[in-house]
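> Kindly return the folded structure for what I paste below:
(3 chains)
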Amino acid sequence: MSPFSFKKKERVRKRTDFITIYNKGVKQETQHFKIATLPNNLQWSRLGLTVSKKVGKAVQRNYVKRRLREYFRLHKAYLPMSCDIVITSKSGAQKLTYVEMCQELNAILCPDLQMPDRTKG
RNA sequence: GGAGUAGACUAAAUGGUCGCUGGGUCUCUGGUUUGAGAUUCAGAGGAAAGUCCGAGCUCCACAGGGCAGGGUGGUCGCUAACAGCGACUGGGGGUGACCCCAAGGAAAGUGCCACAGAAAACAUACCGCCCCGAGCAUGUCGAGGGGUAAGGGUGAAAAGGUGAGGUAAGAGCUCACCAGUAUCAUGGGUGACCAUGGUAGCUUGGUAAACCCCACCCGGAGCAAGACCAAAUAGGAGAGUGUGAAGAACUUUCUUCUUCGCAGGGUUGCCCGCCCAAAGGCUCUCGGGUAGGUCGCACGAGGCGUUUGGCAACAGGCGUCCCAGCUGAAUGACCAUUGCCUGAUGUCCUUGCAUCAGGAACAGAACUCGGCUUAUUGUCUGCUCCAGCU
RNA sequence: GGAGAGAUGACCGAGCUGGCCGAAGGUGCACGAUUGGAAAUCGUGUGUUCCGUCACAAACGGGACCGAGGGUUCGAAUCCCUCUCUCUCCG
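Numbers count the residues shown, from 1 in each chain, chains lettered A, B, ... in the order given. Coordinates of the predicted model:
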């Protein structure tokens, strides 16, 4: 399997999973995102996304979610292993460029990675 | 050239790297389902939006009819249906192209018409005009009685308009013309209605997006509909089994039947004993059913082309194509090139060409269709008005 | 995705069988009375914006605004249509 793939089993899809990650996970916050992480028993990490209506209309919400998925797909090697990660977007996230978004998330999720990964660009 | 009006089309393209979803084919694992890999094909819209209407479809209800409630409202047609569409009629707006109209009934009945005004609909006449006139101060006097809707002012709206006759003053009281209503005839049109002519009474306020009347239509809820599979836990029903006690059958034991209760965990496997907990035995079956999953779910009032009928909406024939199917929700991220638009600069009389910079809207399927409404990019075409040149 | 309810001054909230409604009432705010001072109480006032009078302000007069835009009507917060926003319910 390619190292940059993103299958269905790598997503958080159940409401009960979201609630346990919210309640028991480690919560951190940046200017435009809230991040909750919780170790799981699987061999891989999973990603869950929440984008409220305050971000914008459906087109802008989908745009934010696609780019967050793209970030997760390309930075899997540097992210913590066997963790459930839930990213909640706050108002204003739709105005960021992709590079600004990567820098903001790297500060919390990839503290070892000083420079943003742009090799795939 | 400017302003406007109607309509049609469009919603950038190609390539690269890394990814997502579905269908087909092949390979591997495997008893099937499934899973993994390879390859190939396909993968948002004109509004997918708002959910304002109308249908299909599903479940529930239902003999038939009526009431209540809701909707529609010029005519003819189209349609599966519609509050939609087309053509036409009538009314209104605009210099015009053209656009807009919930456009039946107020002479079936009820209600309302604030303030102002005499009066807001059965004209009980405020001022005024006119006639009669008690009276006494004898005149520009007028208690009282009567006639009068021509004039005044109020109001959104005041009881047909103009002119003449007529009268005490006036009045459709009479006449002419005009407007309007009802009705009849003839002609045209499927019809709404139109044209022409006659007759009548002389004239009838507005409001039905107030109640209402008339004609026609409507059962309710919605894919989170609904159907199927179904873990764990708890609870329900039934069957079987073990064991204790009591009772009955029996002289007693055994055995059988009935009723009631119990069966747990730990201490090394078993027994005794001890400790903890306590009235929930154990096993199986059944049905309901939650989480979750599968179906519903994409071949359809389908698209494209062509032809016939029709002014058109649309309908029929023939040919051809299969064209998203997600579910914490795929259809993408980044980059390059070309094209488009705008601005600046250079060349040129302009069109155009070159360079640089910037821009590319509204917006994301969620069971599926037909409409409406709203948001919005660019281009083209027809027509109208104004200005200029020849 | 589907179904439903609502929007009125700074805030809450009546008015929704059309007219006397820029709009009751309460909270808040300002001023005054009371007090040595405050609280409480009592009284008065208090929306925004545009135009005019005026050198400005104040005051006075007029117009518009009941989420936004149209329509019906002589007249709309109220009736009808379209849009915007907020909230609730259905797993």
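
> What residues are bridge-paired with the spatially most central residue of chain A?
What sits nearest the mean C-alpha location of chain A, by CA atoms, centre = their mean, is residue A:87, with 4.8 Å. On DSSP bridges, the residues paired with residue A:87 through beta bridges are residue A:35, residue A:49.

> any idea of the pLDDT on it?
In this model, residue A:87 is scored at 89, pLDDT.

> give me every residue that touches it.
Neighbouring residues of residue A:87 by CB atoms under 8 Å, 6 or more residues apart in numbering: A:33, A:34, A:35, A:47, A:48, A:49, A:50, A:68, A:105. Backbone N, C-alpha and C define where each C-beta goes, glycine included.

> Top of these by number of neighbours, please.
residue A:105 (22 neighbours; other CB atoms under 10 Å).

> element containing that residue?
If you go by DSSP states H and E, residue A:105 is part of helix A:98-109.

> ok, now residue A:23?
Counting by DSSP H and E, residue A:23 is part of helix A:15-24.

> Using CSV, list the CA coordinates for that helix.
Output of helix A:15-24 as CSV, limited to C-alpha atoms (Å, rounded to 0.1, in the frame of the first residue of the first chain):
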residue,chain,number,x,y,z
ARG,A,15,-20.7,9.1,16.9
THR,A,16,-19.8,7.1,20.0
ASP,A,17,-16.1,7.2,18.9
PHE,A,18,-16.3,11.0,18.5
ILE,A,19,-17.8,11.4,22.0
THR,A,20,-15.1,9.2,23.7
ILE,A,21,-12.3,11.1,22.0
TYR,A,22,-13.8,14.4,23.0
ASN,A,23,-14.2,13.3,26.6
LYS,A,24,-11.0,11.3,27.2
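
> list the buried ones in that helix?
A:17, A:18, A:21, A:22 (16 or more other CB atoms under 10 Å).
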